[in-house]
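Undergrad: here is the input, now give the coordinates:
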Amino acid sequence: MDIDKTTPPPPQQQWDKLTNRPDPPVFEQHLSPHRSLSNSGFATTILFTASALCIPLLAFIGTFALWTLLPFLGAALAALWYFIRRNDYDGTLCEHIRIWPDLIAVHRKNPRSADQYWHANPYWVQLNLRDTKAVENYLTLKGSGREIELGAFLTSSARVTLHKDLQRSIALSRRP
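TA: As a prediction, this is how the structure comes out:
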C-alpha cells in the first residue's frame, strides 16, 4: 500500500493561493515603521559629522599626530555610515494584514531572515491587547495553534488604533 508523501507547498505559494481571491478583503492594512531620515538627511549627517571631526585636526596639521588620529576618525565616520545604512535596511520590515469573512492572513516581511506567514479563520481568532513588563499595549493574534505579535515596530498609540480597527473588522467578518 503506497501512501502519498507529497510535501506541502512552500509558505509563499500557500499564501498566494489563499489570498489571490476575486472578492475584496473586508480589511487590508500594510504596516511599516516610520522612517525619519531621508537620503538627503543621511548625506547631511555624514557631511556634518565629517566636518566636525576635521575641525580638531586643524591644530595638528604638519605633525605626526595628524596621521595618528586620522585612521581613528575615519573609522568613526565609517562606523556611523554603516550603522545608519543598516538601520535603513532593517526599516524595510513590514506586515500585511488581510481579512475576509472566512480568512485572516498576515505576511511579515523580515529584512534579514525568511518571510513569515500566518492564516486562520477569523471566527476562531482571539485578538489580545495587553501591557507587559517590556511593552505597553502588546498586540497579538491567536489562532490555528499559534500566537503572533502584530506591529512590534509601531508606537503604543498606533497599536491601540490598529487593535480597534482589527476588532471592528473581525466582528464585521463574523456577521452572517
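Undergrad: which residues does the nearest residue to W124 once chain neighbours are set aside contact?
TA: Take W124 and drop its neighbours on the chain: the residue closest to it by C-beta to C-beta, 6 or more residues apart in numbering is G143, 5.5 Å away. C-beta here means a position set from N, CA and C on the backbone, and glycine is covered the same way. Going by C-beta atoms under 8 Å, 6 or more residues apart in numbering, G143 touches I104, A120, N121, W124, V125, Q126.
Undergrad: how does it look with 7 Å?
TA: A120, W124, V125, Q126 (C-beta atoms under 7 Å, 6 or more residues apart in numbering).
Undergrad: go on, P24?
TA: If you count contacts by C-beta under 7 Å, 6+ apart, P24 has none.
Undergrad: report the rounded mean pLDDT for the longest helix along the chain.
TA: Scanning the chain for the longest helix, with DSSP state H as the assignment, gives helix 64-90. Regarding helix 64-90, the rounded mean pLDDT is 93.
Undergrad: okay, buried residues for that helix please.
TA: Across helix 64-90, burial judged by 16 or more other C-beta atoms under 10 Å covers L73, L77.
Undergrad: before we move on, back to that, buried subset of the contacts of G143, written for ChimeraX?
TA: One line in ChimeraX is enough to select the buried ones among those; burial here means 16+ other C-beta under 10 Å:
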select :120,125
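Undergrad: of all the contacts of G143, which comes closest to Q29?
TA: Nearest to Q29, judged by C-beta to C-beta, of the contacts of G143 is V125 at 15.1 Å.
Undergrad: the closest one reaches A171, doesn't it?
TA: No. Between V125 and A171 there is no contact under C-beta atoms under 7 Å: 11.1 Å.
Undergrad: for the most centrally placed residue in the chain, give its distance to Y82.
TA: Residue closest to the average C-alpha location in the chain (C-alpha atoms, centre = their mean): L93, at 2.8 Å. Note on L93: its distance to Y82, by C-beta to C-beta, to the nearest Å, is 19 Å.
Undergrad: I am finished for the moment; much appreciated.
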